[in-house]
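**Student:** Attaching a predicted model along with its sequence, questions to come.
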Amino acid sequence: MSEFLPQGIQNILPDLIQLLYLVAMSFFIIGIKRLGSPATARSGNQMASFGMLLGVIITLFDQQILTFEYIIGGVLLGGLIGAIAAKKVEMTAMPEMVAIFNGFGGGASALVAWGEFSRMDPTLFAGQDLVTIGLSILIGSITFTGSFIAFGKLKGFIGGGQIAFPGQNYFNLLLTFGTLGLVGWFTFDPTNMLAFWLIFGIALLLGVLTVLPIGGADMPVVISLLNSYSGIAASMAGFVINNNLLIISGALVGAAGLILTNIMCKAMNRTLGNVLFGAFGGDGGSGGGGAAVDHDKTVHETTPDDVALQTAYADKVIIVPGYGLAVAQAQHVLKEVADALEEKGVEVKYGIHPVAGRMPGHMNVLLAEADVPYDQLYDMDQINPEFKTTDVVLIIGANDVVNPAAKTESGSPIYGMPIMNVDEAKRTIVFKRSLSPGYAGIDNSLFYEDTNQMFFGDAKKSLQALSHSLDAV
């Protein structure tokens, strides 16, 4: 394509391409920075997307591997699929879509490495290039199959509990070290295609075996980790094709994913090793299974009129959302309730736990969809000191993240996990279908507290009833 340009531009084209790559990288960095705040997240996402589009256009001039028509066709097809997904995928399915995106990202990186290796004589590659090809295929393939197993667990057609055979952790470690050994063999003898295909095949198997034993409760951490893997695989693919933009953008994604994974682990008071090799959560979020529910204890049930009176005459109400809010698609009705309370002079805030939902930031995105003001959203560390001065806490679809057992029961699987200190408020009201446990598969002692009331039913219908009752107060 560059041969059609004037000679003067052809002479400076390599430097111009690298300069434009730097501009695209700047869009990535600024975009990621703006993702740190709900108020700027939308523009940050748009900036990063523009940076990626700019990178694709620049690559048309830098890497003349495919014809112009194929690349434009891919951009249009991918853009169409993305636009349809953005409009059609429901908020409850957003974690599954993110898992698929991670998988496709890892798979694409593996295919890039495979394509680069296939188009040249293997003996022409330098040793470091062969290493990066092997690692890109290894990490990309693990990400691909691991992400689709995560998708299956989130979707429910793969059991959310641990699916493993005795000694599987050791078997996985053996496969990992064995595959790294194969990368070394492949680097030493790139003409031996057996090593190449063994890396591909074992890596695909390893992705399945790594994610399959992890419980549903740990899916937010797994999604973050796989996101990091997809970035690392992309960075490796950048080294394979000598593309600075891909190297840096992949490193950014990889680093951001690892940081987010660390945040998720801290929010659950767990180590990454414990997540990968000792996961808990046995019901896939169904709230059923054999989890213990103490039927000898009594709960205090409430009604829409009673909740309306308590909240309408409160000074401060904090709302703690969870995955159940997304399942009920009740975010818009919740916004109506909050608006009605504010009209009555009530101070309304939202407390967001880092692992509420099925992926990082799930609740933030859900509430943003309902146009909840960004300045009303508070993370756990910000909101926890305020519960002592709060009249009513509305807990909608959240369970484990408000369970006092994390602070009081040393034998509990969630003991030590930082939670929302809702039990310090004057009154808590839990919107829930039943007393069934959450993802951790354990009973919630908050349900039986004297200061707690249970508002049973579908969250959307319950909030609609509360909204009508508030109109009459």
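**Tutor:** Yes, it's here. Residues are numbered from 1 along each chain as shown.
**Student:** Under the pLDDT cut-off, which ranges of the stretch 51-200 of the chain? List them.
**Tutor:** 61-67, 91, 159-162, 164 (pLDDT under 70).
**Student:** And the helices in it?
**Tutor:** With DSSP state H, counting those that start in this stretch applied, the stretch 51-200 of the chain shows helices at 68-88, 94-118, 127-155, 168-188, 193-211, listed in chain order.
**Student:** wait, which of the ones you listed is closest to residue 379?
**Tutor:** helix 94-118 (19.2 Å; Cβ to Cβ). Just so you know, the C-beta spots here come from the backbone N, C-alpha and C atoms, and that holds for glycine as well.
**Student:** same for the closest one, what does it pack against?
**Tutor:** Judged by 3 or more Cβ pairs under 8 Å, 6 or more residues apart in numbering; DSSP states H and E, the packing partners of helix 94-118 are helix 127-155, helix 193-211, helix 219-241, helix 362-369.
**Student:** between the third one and helix 94-118, how many degrees?
**Tutor:** Spelled out, it's helix 219-241. 20 degrees (axes from the mean of the first three to the mean of the last three Cα atoms, to 10 degrees).
**Student:** Next, the buried residues of the helix or strand that helix 219-241 is followed by.
**Tutor:** Of the helices and strands lying after helix 219-241 in sequence (DSSP states H and E), the nearest is helix 244-267. By neighbour count on 16 or more other Cβ atoms under 10 Å, the buried set for helix 244-267 is 244-254, 256-258, 260-261, 264-265, 267.
**Student:** Ramachandran coordinates for residue 395?
**Tutor:** Here is the backbone geometry of residue 395 (degrees, to the nearest 10): phi -100, psi 110.
**Student:** need the contact list for the nearest residue to residue 358 once chain neighbours are set aside.
**Tutor:** With sequence-adjacent residues excluded and distances taken as Cβ to Cβ, 6 or more residues apart in numbering, residue 358 is closest to residue 95, at 3.8 Å. Neighbouring residues of residue 95 by Cβ atoms under 8 Å, 6 or more residues apart in numbering: 154, 219-220, 223, 357-359, 362.
**Student:** still on that earlier bit, give me whichever of the helices of the stretch 51-200 of the chain is most buried.
**Tutor:** Greatest average neighbour count among these goes to helix 127-155 (a mean of 24), per mean count of other Cβ atoms under 10 Å.
**Student:** Work out the gap between it and the centre of the chain.
**Tutor:** Distance, stretch centre to chain centre, for helix 127-155: 17 Å (Cα atoms, centre = their mean, to the nearest Å).
**Student:** That helix to helix 168-188, inter-axis angle?
**Tutor:** 150 degrees.
**Student:** What helices and strands are in contact with helix 127-155?
**Tutor:** Going by 3+ Cβ pairs under 8 Å, 6+ apart, helix 127-155 lies up against helix 94-118, helix 168-188, helix 193-211, helix 219-241.
**Student:** what angle do it and helix 244-267 make?
**Tutor:** Using the same axes, to 10 degrees, the inter-axis angle of helix 127-155 relative to helix 244-267 is 50 degrees.
**Student:** Begin at 532 from now on, thanks
**Tutor:** Sounds good: first residue 532 from here, last item helix 658-686.
**Student:** about what we covered before: so which of the helices and strands packed on helix 625-649 gets nearest residue 861?
**Tutor:** Of the helices and strands packed on helix 625-649, nearest to residue 861 by Cβ to Cβ is helix 893-900, at 9.6 Å.
**Student:** What's the mean pLDDT across that closest one?
**Tutor:** The average pLDDT within helix 893-900 is 84.
**Student:** Tell me which other helices or strands the helix or strand that that helix is followed by touches.
**Tutor:** Following helix 893-900 in sequence order, the next helix or strand is strand 908-910 (DSSP H and E). Other helices and strands packing on strand 908-910, by 3+ Cβ pairs under 8 Å, 6+ apart, are strand 878-883.
**Student:** Direction included, what does the strand it packs on pair against?
**Tutor:** strand 847-852 (parallel), strand 908-910 (parallel) (DSSP bridges).
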